[in-house]
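# Sequence and computational prediction follow.
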Amino acid sequence: MTPARILIVEDDFVVARDLRNQLTRLGYQIAGSTALGEEAAEMARNHQADLVLADIRLEGKMDGTAAAKEVRQLCDIPVVFLTAYADDETLQRASLADPQGYVLKPFDEAQLRTAIEIALYKHAFDRELRASENRYAATLASIGDAVISIGRDGRISYMNPKAEALTGIAAGQATGQALEQVYHVREDESGWSLGANASLILTDAHGKETPIEQSASPLVDARGQLSGTVLVFRDLSLRLAMENALREAHAELARSSGMLTMAEFAACVAHEISQPLAAIVTNASAGLNWLRRPQPELQEVEQVLGSIHTEGTRAAGVVRGLHAIARKSGPELAPIELPGAVKEVATLLQEELRRNQVRIQLGPFAPHAPVLADRIQLNQVLMNLLRNGMEAIAESSHTQRLLTVTSLVEPQGLLCISVADSGAGVEQDHAERLFEAFFTTKKKGMGMGLAICKSIVEAHHGHIWARPNLPQGTVISFTLPLAQA
């Protein structure tokens, strides 16, 4: 280990000479010697001293106390004072220079060595502690979370730059203030929640409100006593904006997918329209024939006109439904009776069901249980699930070809809707991935139908899942909030 280099600052020549001899015998290196306090800092830096031994009372422009201050500021090395005076006034003045020790004259080598070694050890320890604190402060300053440290008295002792930015108050201004004078939070009332501590709104010094989540950890001293608290909080604005953008993207994907399947959907609608149109033409022809008779049967004509009105209304309703899906731009929540919505979708799929020889059973449904939903999006979910079940049955060799739609009320203010098919069923590992985008077990299809269902259901604060339909097939269930819940 390299011996420590000592700089001597002593205006008494004899004392300085004795110090050099003693230090050499003790194994230290002499970095230099000066009688002037104003030369101490420059010599310590130029001669790379590890410690300065300085007399408190020096002749000249700068005494030992002032010289020690300059050495500490410019060189960051420890100073040990030499003094023949131990009175309170001298010691109090010397303490302002923050020395690492004192040696009273006259002194022996053991006292000198002890003072030097303790000073070197304390300085090395303090330097490492400062380095650790600097690393800690740099880490806290660079992290993305806001940090506030509070003492046991509830007053702020530290704030990092992120906390300054979110509270709108500088750390220097906040230090020493009570937490509640700087950190103004309240519970969020908008209904969103990302965790147990998430629903908080922080209001800064300028009145700006920011959604945050926070956590707090106790500070415990070496004796196990609570010494304060560290509060960590983060700005959720970007996260919430990204989640809103993701929900909008899912909704747009649902609309886009609906347009991709519009040709297929339109074929079903065209078939349904052709039936009322054919009935209208037939009834109109019959009505004209009745009117051309010498003595028209007005009662028969009235019945024919009534049939024409009914079939025309039916065709117009189908067209309006298609137009609404095509132009839909956003959710419009309203109370919806599930049985009516299911019947509406089943009617549109009637030809496909007939072509695939699939029978559909509607009910039992929970009575008087309207859900709060967007009608078009609910129809999209029901259509995707019914078509999914129908296609599963079509690919199966089972003789029973049945689709069942049921509902029941759950205690949490939710309605659970289930679509069960009698197809071949789904393997358990596939069941967990059914609602992933682009995953499909079918020979044809994009694998987007169930993913869109999941997006729509979750946008309605519901949940969707799949399970086996014993003895054969699959049940897909989803929940929606009840309108009166």
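Received it, and whenever you're ready, just let me know what you need.

# Output the longest strand belonging to this structure.
Ranked by residue count under DSSP state E, the longest strand found in the chain is strand 209-220.

# could you give the mean pLDDT of that strand?
Averaged over strand 209-220, pLDDT sits at 87.

# any idea how far Ala84 is from Leu385?
To Ala84, Leu385 is 98 Å away according to CB to CB, to the nearest Å. No exception for glycine: its C-beta is placed from N, CA and C like everyone else's.

# which of the two has more neighbours?
Higher neighbour count among Leu385 and Ala84: Leu385, with 25 against 13, using other CB atoms under 10 Å.

# what sits against that one?
Residues counted as contacts of Leu385 (CB atoms under 8 Å, 6 or more residues apart in numbering) are 419, 453, 476.

# cool, and Ala171?
By CB under 8 Å, 6+ apart, the residues touching Ala171 are 158-161, 163-164.

# would you list those in CSV and tack on secondary structure?
Shown next, in CSV, are those (DSSP: H, G, I helix; E, B strand; the rest coil):
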residue, secondary structure
Tyr158, strand
Met159, strand
Asn160, coil
Pro161, helix
Ala163, helix
Glu164, helix
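
# List only those of those flagged as buried.
158-160, 163-164 (16 or more other CB atoms under 10 Å).

# longest helix anywhere in the chain?
Using DSSP state H to define each element, the chain has its longest helix at helix 109-142.

# pLDDT of the following helix or strand past it, averaged?
Per DSSP states H and E, the first helix or strand lying C-terminal to helix 109-142 is strand 146-151. Averaged across strand 146-151, pLDDT comes to 90.

# With stretch 350-362 instead?
Averaged across stretch 350-362, the pLDDT comes to 88.

# which ones are touching Arg155?
Applying CB under 8 Å, 6+ apart, one finds that Arg155 lies in contact with 176-179.

# again, but for Arg359
The neighbours of Arg359, taking CB under 8 Å, 6+ apart as the test, are 353, 401-403.

# can you check His368 too?
By CB under 8 Å, 6+ apart, the contact list for His368 is empty.

# so which helix or strand takes in it?
Assigned by DSSP H and E, His368 belongs to no helix or strand.

# tell me how far the one helix or strand Glu42 maps to is from the chain's mean position?
Assigned by DSSP H and E, Glu42 falls within helix 40-46. When C-alpha coordinates are averaged (CA atoms, centre = their mean, to the nearest Å), helix 40-46 and its chain have centres 54 Å apart.

# measure Lys61 to Ala67 for me?
Separation of Lys61 from Ala67 (CB to CB) stands at 10 Å.

# Mutual contacts of those two, please.
Common neighbours of Lys61 and Ala67 are listed as 37-38 (criterion: CB under 8 Å, 6+ apart).

# Could you check which of those two has the larger neighbour count?
Between Lys61 and Ala67, counted using other CB under 10 Å, Ala67 has the larger neighbour count: 28 against 10.

# On the three-state scheme, the more buried one is what?
helix.

# Next up, the contacts around the closest residue to it other than its chain neighbours.
Using CB to CB, 6 or more residues apart in numbering and skipping the chain neighbours, the partner closest in space to Ala67 is Gly37 (3.4 Å). By CB under 8 Å, 6+ apart, the contact set of Gly37 is 9, 54, 58, 60-64, 66-67.

# Which members of those residues define the maximum pairwise distance?
The span of those, defined through CB to CB, is set by Ala54 and Lys61 at 14.7 Å.

# Report the separation between the closest residue to Ala16 other than its chain neighbours and Leu112.
The shortest distance from Ala16 to any non-neighbouring residue, by CB to CB, 6+ apart, is to Glu10 (4.1 Å). According to CB to CB, Glu10 stands 13 Å off from Leu112.

# Between those two, which contacts overlap?
Residues within reach of Glu10 and of Leu112 at once, by CB under 8 Å, 6+ apart, are Leu19.

# Now the terminal residues of stretch 465-479, how far apart.
With CA to CA, to the nearest Å as the measure, stretch 465-479 spans 9 Å from end to end.

# Phi and psi next, for the nearest residue to Ala394 once chain neighbours are set aside.
Distances taken as CB to CB, 6+ apart place Asn356 nearest to Ala394, at 4.5 Å, with adjacent residues excluded. Backbone torsions for Asn356, taken as degrees, to the nearest 10, come to phi -90, psi 10.

# cool, Pro367 as well?
According to degrees, to the nearest 10, Pro367 has phi -80, psi 150.

# Which pLDDT does the model give it?
pLDDT, Pro367: 92.

# who are the neighbours in contact with it?
By CB under 8 Å, 6+ apart, the contact list for Pro367 is empty.

# Next one, pLDDT for Asp204 please.
Looking at Asp204, its pLDDT reads 91.

# dump the residue contacts of it.
166-169, 184, 210.

# Tell me the secondary structure of the residue of the chain most remote from its centre, please.
Relative to the C-alpha centroid of the chain, counting by CA atoms, centre = their mean, Pro294 is the outermost residue, at 81.7 Å. Using three-state DSSP, the structure places Pro294 in coil.

# low-scoring stretches of the stretch 1-150 of the chain, by residue?
Across the stretch 1-150 of the chain, the ranges flagged by pLDDT under 70 are 1, 85-91, 94, 96-97, 137, 139-142.

# sorry, back to before: spit out the contact partners of the residue nearest to Ala394.
Neighbouring residues of Asn356 by CB under 8 Å, 6+ apart: 390-391, 393-394, 401.

# same check, this time on Ala119
Counted by CB under 8 Å, 6+ apart, Ala119 has contacts 51, 78-80, 100-101.
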